[in-house]
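>>> Sequence plus the predicted model coming up.
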Amino acid sequence: MGKPAALDVRHVVVDTDTGIDDALALLYLAGKVDTHIAAITSVYGNTEIESALSNIARVLEVAQLEETLVARGASSPLVGQARIASHVHGGDGLGDIWSDQMMPKNVAAINAAHLLVELGNKSPGYYDLLLLGPLTNVGLALEIDPNILTRYRKVVIMGGSGPFPPLGTVQMVDANTQNDPEAATRVYGAQRTSMVMVGVNITAKTILDENHVDILRKSDTACSRFAIAILEAYMNFYQYAWGRRVSPVHDGLAAGLLLQPEWITEAAIGPIEVTTDGYFTRGHLACTADGAPVSWLTSTAPETLVVLDANKDAFISDFINVLSAD
């Protein structure tokens, strides 16, 4: 998965709780010839922080990118307790396939929040920031430097729920916002150069089906074998949602739309409100389904580009091609 030096390469810093879809997103980024994973910061969420670090190491080994800089991040939210998604991703975050843990070879001497600040301030406008887990590390980075997101060329968040839905619609819960609503409020309220929300309103409709899984099986590369192994646990969970052994590509889609923004076919722009009904917490575009203002006084957060639809077929085709390539 090496990179030709002559290409105009996009340099990406990834913040991840390294569950199954995070690992696939990292492999996808690693396989894109015009993309360089500059650093990875770990956070709790899909699994505990030690497993998140171990899973980063395991992915980097498969991708032959073991010298990538990795930083240890937050093990719990800014307020309250973490809700670890072991029922979805397994106890270790990757389906409990391995009995041992690994440690990344190039672990930063500073924590994730400080590394995010250091990278942004050292090279303003150079890095893109891809956020795949709870936003705790970025919330802590904003305590250090309230303007740190202005130092990144673009911030893409796999999180939130898009606009408020039509009346009577059943909504998915975005685990990343749910795990740390205080950090999400800070991030969506912070000054930034560019911010894109890729929420569960669109990622839940972006599906790896049985045919895609069959392509990965038949390709029989190191990357595809790893992908199939961890996908088994994901499909074990999602089969009880749809009656089929398929799975959404939550984090992979966010990675894809960072790299190929032309795949965004419909979007809206506005401030994000982090709201709770007392049980679930969601990040929504601050307007109703028909575009009217919401019924309460909202904050004065900067605008976020909220993805409403995308060329999912183009993304899935590219995703499968990259994961199944030699």
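In hand now; what should we look at?

>>> Any figure for the gap between the residue nearest to the spatial centre of the chain and K105?
For the chain, the residue nearest the mean C-alpha position is L132 (2.0 Å; Cα atoms, centre = their mean). Distance from L132 to K105, counting by Cβ to Cβ, to the nearest Å: 21 Å. Every C-beta, even on glycine, is put in place using the N, C-alpha and C of the backbone.

>>> ditto for T281
From T281 to K105 the distance is 37 Å (Cβ to Cβ).

>>> again, but for L27
Per Cβ to Cβ, L27 is found 18 Å from K105.

>>> In terms of neighbours, single out the busier of those two.
L27 (26 against 13; other Cβ atoms under 10 Å).

>>> That one in helix, strand or coil?
Following DSSP: H, G, I helix; E, B strand; the rest coil, L27 is assigned to helix.

>>> wait, it sits on Q64?
No: if you go by Cβ atoms under 8 Å, L27 and Q64 don't touch, sitting 11.0 Å apart.

>>> A30 is in what secondary structure piece?
Using DSSP states H and E, A30 maps to helix 20-31.

>>> Whatever helix or strand V306 lives in pairs with which strands, parallel or anti?
For V306, the enclosing helix or strand under DSSP H and E is strand 304-310. As defined by DSSP bridges, the strand partners of strand 304-310 come to strand 195-198 (parallel), strand 264-270 (antiparallel).

>>> With mean neighbour count, distance to G168 and mean pLDDT added, can I get the ones you listed in a markdown table?
A markdown table is the format used below for these (neighbours: other Cβ atoms under 10 Å; distance: least, Cβ to Cβ, whole Å; pLDDT from 0 to 100):
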| stretch | mean neighbour count | distance to G168 | mean pLDDT |
| --- | --- | --- | --- |
| strand 195-198 | 25 | 23 | 98 |
| strand 264-270 | 15 | 21 | 96 |
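
>>> Tell me the spacing between M197 and F237.
From M197 to F237 the distance is 24 Å (Cβ to Cβ).

>>> scratch that, G93 is what I was asking about
Taken as Cβ to Cβ, the span from G93 to F237 is 13 Å.

>>> Next, the residue lying closest to E61 once chain neighbours are set aside: secondary structure please.
Closest residue in space to E61, ignoring its immediate chain neighbours: M102 at 7.3 Å, by Cβ to Cβ, 6 or more residues apart in numbering. Assigned by three-state DSSP, the conformation of M102 is coil.

>>> Name all residues that make contact with M102.
By Cβ atoms under 8 Å, 6 or more residues apart in numbering, M102 lies in contact with 54, 57-58, 61.

>>> Among these, find me the one that's closest to L149.
Proximity of the contacts of M102 to L149 (Cβ to Cβ) peaks at A57, which lies at 27.5 Å.

>>> what's the nearest residue to the closest one if we skip its chain neighbours?
Excluding the flanking residues, the one nearest A57 by Cβ to Cβ, 6+ apart is M102, at 3.9 Å.

>>> cool, G73 as well?
Sequence neighbours aside, A112 is the residue nearest to G73 in space, at 3.2 Å (criterion: Cβ to Cβ, 6+ apart).

>>> if I look at the one you found, how far off is A71?
Distance, A112 to A71, by Cβ to Cβ: 4 Å.

>>> just checking, what packs against the lowest-mean-pLDDT helix or strand in the chain?
Within the chain, no helix or strand scores below helix 86-89, which has a mean of 90 by mean pLDDT, DSSP states H and E. Judged by 3 or more Cβ pairs under 8 Å, 6 or more residues apart in numbering; DSSP states H and E, helix 86-89 is in contact with helix 222-242.

>>> Which other helices and strands does the next helix or strand after the helix it packs on contact?
Following helix 222-242 in sequence order, the next helix or strand is strand 247-248 (DSSP H and E). Counting contacts by 3+ Cβ pairs under 8 Å, 6+ apart, strand 247-248 is packed against helix 20-31, strand 207-208, helix 222-242.

>>> now with 6 Å?
helix 222-242 (3 or more Cβ pairs under 6 Å, 6 or more residues apart in numbering; DSSP states H and E).

>>> Give the residue spans of this structure that score low on pLDDT.
Residues of the chain that meet the criterion pLDDT under 70 lie in 1-7.

>>> go again using 50 as the cut-off
The model of the chain has pLDDT under 50 over residues 2-6.

>>> which residues in it form helices?
For the chain, the helices defined by DSSP state H cover 20-31, 49-63, 86-89, 112-122, 136-144, 175-179, 181-189, 200-203, 210-219, 222-242, 250-259, 312-323.

>>> Now tell me what touches the first one from outside.
So that's helix 20-31. Around helix 20-31, the neighbours that count as contacts under Cβ atoms under 6 Å, 6 or more residues apart in numbering are 1, 16, 35, 37, 59, 63, 65, 89, 132, 223, 227, 230, 234, 250-252, 255, 319, 322.

>>> Need the CA coordinates for that helix. PDB is fine.
Extracted C-alpha coordinates of helix 20-31, given in PDB (Å, rounded to 0.1, in the frame of the first residue of the first chain):
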ATOM      1  CA  ILE A  20     -14.800  -2.700  12.900                       C
ATOM      2  CA  ASP A  21     -15.900   0.100  10.500                       C
ATOM      3  CA  ASP A  22     -13.100   2.400  11.700                       C
ATOM      4  CA  ALA A  23     -10.500  -0.300  10.900                       C
ATOM      5  CA  LEU A  24     -12.000  -0.700   7.400                       C
ATOM      6  CA  ALA A  25     -11.900   3.100   6.900                       C
ATOM      7  CA  LEU A  26      -8.200   3.100   7.900                       C
ATOM      8  CA  LEU A  27      -7.500   0.300   5.400                       C
ATOM      9  CA  TYR A  28      -9.400   2.300   2.700                       C
ATOM     10  CA  LEU A  29      -7.300   5.400   3.400                       C
ATOM     11  CA  ALA A  30      -4.100   3.400   3.500                       C
ATOM     12  CA  GLY A  31      -5.000   1.900   0.100                       C
END
